[in-house]
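*Asks:* After the sequence you'll find the predicted model.
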Amino acid sequence: MSAFSAQDFNAKRYSSVRPTYPDSFYKVLSDYHRGPRELVVDVGCGPGIATFQLSEQLDSFQRVIGTDLSPTMVEGARSIQKQNPQRHSRVSFEQSPGESFKFLESKTDKQKCDMITAVECVHWFDFSKFQEAVADTLRPGGTLAIWGYGDFFFPDYPLLTAEIDHLSYADDKLGPYWQQPGRRIACEMLKDLHYDPKWFQDIEEVYFYENDLEGKGPNDIPLFMYQRLTLAQLKEYIKSWSGYHSWKKDNPSAEKDITDAFVDRAIELYPQLNENSELQITWRTFWMFARRRY
């Protein structure tokens, strides 16, 4: 998490290249939710990618609050909001750790939150404290929704899947530069984290792995996440990773940037490619829904 909080972290690049979530998924989330729709809090919001989508796709909610521990991320989200204040009039942002809802200072907000979401961020949290804080904040019957993605693969260029995994985890690449255990938990899509039935019921845990996604598309899977990127754009996406940020700080004068080496290897494996060649990348995805017990 420290990389995202650093003052020199490029939040603008992060926001511009991060994947978004399909409209079809928000319909699944909306259909799951029951009862009032006054307040949704999106914790670990980063630059507001899912927060803004929530306000637009679940427009029946009166208020949407995004929170993040990183002031860099919160400032980035607020700057996006200022670009279109009318469109995002129901959205606000607060700096706060994911395990705390103290920014809801009014006693009238106590257990009045209708939905709490956590998107691609729970691997940074103390999950037990997070669940306890959510249980203390959600109204009975309110929705807790966690979702996100793991690593991506190249459905049309399978040799590149092994290469991106090597770049991500090899000891001589980005492997040592990830903050652990957060990275491991994220790439495993929280599979070892489960809701406590003491507080939550009607639990759904849904995972889509490579064999579930191959040959499928947006019409088949609600949380089907993919992008078509040139190799040059893929380099920019890799540069948004916290592991890359840490590697770059340790290797400011590297003879060749690690992303350039990846592109060289891609072209070596598939000579028909160049930096302007467009490839599809597909992410492994998951969601976890639950309702606060009455």
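*Replies:* Cool, the structure landed.
*Asks:* residues near residue 88, how many?
*Replies:* A count of neighbours around residue 88, defined by other Cβ atoms under 10 Å, yields 21. To be clear about C-beta, it is placed using only N, CA and C from the backbone, and glycine gets the same treatment.
*Asks:* correction: residue 231
*Replies:* For residue 231, the tally of surrounding residues (other Cβ under 10 Å) stands at 20.
*Asks:* do the same with residue 91
*Replies:* 23.
*Asks:* do residue 134 as well
*Replies:* Neighbours of residue 134 (other Cβ under 10 Å): 25.
*Asks:* next one: residue 205
*Replies:* Residue 205 has 16 nearby residues by other Cβ under 10 Å.
*Asks:* Surely it is in a strand?
*Replies:* Yes: under DSSP: H, G, I helix; E, B strand; the rest coil, residue 205 falls within a strand.
*Asks:* Buried residues, stretch 287-294. List them.
*Replies:* Buried residues in stretch 287-294, counting neighbours by 16 or more other Cβ atoms under 10 Å, are found at 287, 288, 289, 290, 291, 292.
*Asks:* these two touch, right, the second one and residue 205?
*Replies:* When you say that, I think you mean residue 288. Yes: with contact defined as Cβ atoms under 8 Å, residue 288 reaches residue 205; the gap is 5.1 Å.
*Asks:* Give the residues shared as contacts by the two.
*Replies:* Counting by Cβ atoms under 8 Å, 6 or more residues apart in numbering, residue 288 and residue 205 have no common neighbour.
*Asks:* for the helix or strand where residue 81 lies, packing partners?
*Replies:* Assigned by DSSP states H and E, residue 81 falls within helix 71-83. With contacts defined as 3 or more Cβ pairs under 8 Å, 6 or more residues apart in numbering; DSSP states H and E, helix 71-83 has these neighbours: helix 2-5, helix 11-17, helix 49-57, strand 63-68, strand 91-95.
*Asks:* looking at those, which has the lowest confidence?
*Replies:* If you rank the helices and strands packed on helix 71-83 by mean pLDDT, helix 2-5 sits at the bottom with a mean of 49.
*Asks:* What lies in contact with stretch 209-220?
*Replies:* Contacts of stretch 209-220 (Cβ under 8 Å, 6+ apart): 22, 24, 153, 155, 221, 224, 226, 282, 284.
*Asks:* same question, stretch 90-107
*Replies:* 41, 43-45, 48, 51-52, 55, 61-71, 74, 77-78, 81, 110, 113, 118, 121-122, 124-126, 129-130, 133, 136-137.
*Asks:* and these, which are buried?
*Replies:* Buried among these by 16+ other Cβ under 10 Å: 41, 43-45, 48, 51-52, 55, 61, 64-70, 74, 77-78, 81, 113, 118, 121-122, 124-125, 130, 133, 137.
*Asks:* Work out the gap between stretch 63-74 and the centre of the chain.
*Replies:* 13 Å (Cα atoms, centre = their mean, to the nearest Å).
*Asks:* no no, stretch 111-131
*Replies:* That offset, for stretch 111-131, works out to 13 Å (Cα atoms, centre = their mean).
*Asks:* Show me what the helix or strand in which residue 290 is found is packed up against.
*Replies:* In the assignment (DSSP H and E), residue 290 maps to strand 278-292. The elements that strand 278-292 packs onto, with contact taken as 3+ Cβ pairs under 8 Å, 6+ apart, are helix 23-32, strand 138-153, strand 200-208, helix 210-213, strand 225-230, helix 231-239.
*Asks:* counting contacts, what elements does the second one pack onto?
*Replies:* Looking back up the chat, that one is strand 138-153. helix 23-32, strand 113-119, helix 158-169, helix 182-187, strand 278-292.
*Asks:* Thank you, goodbye.
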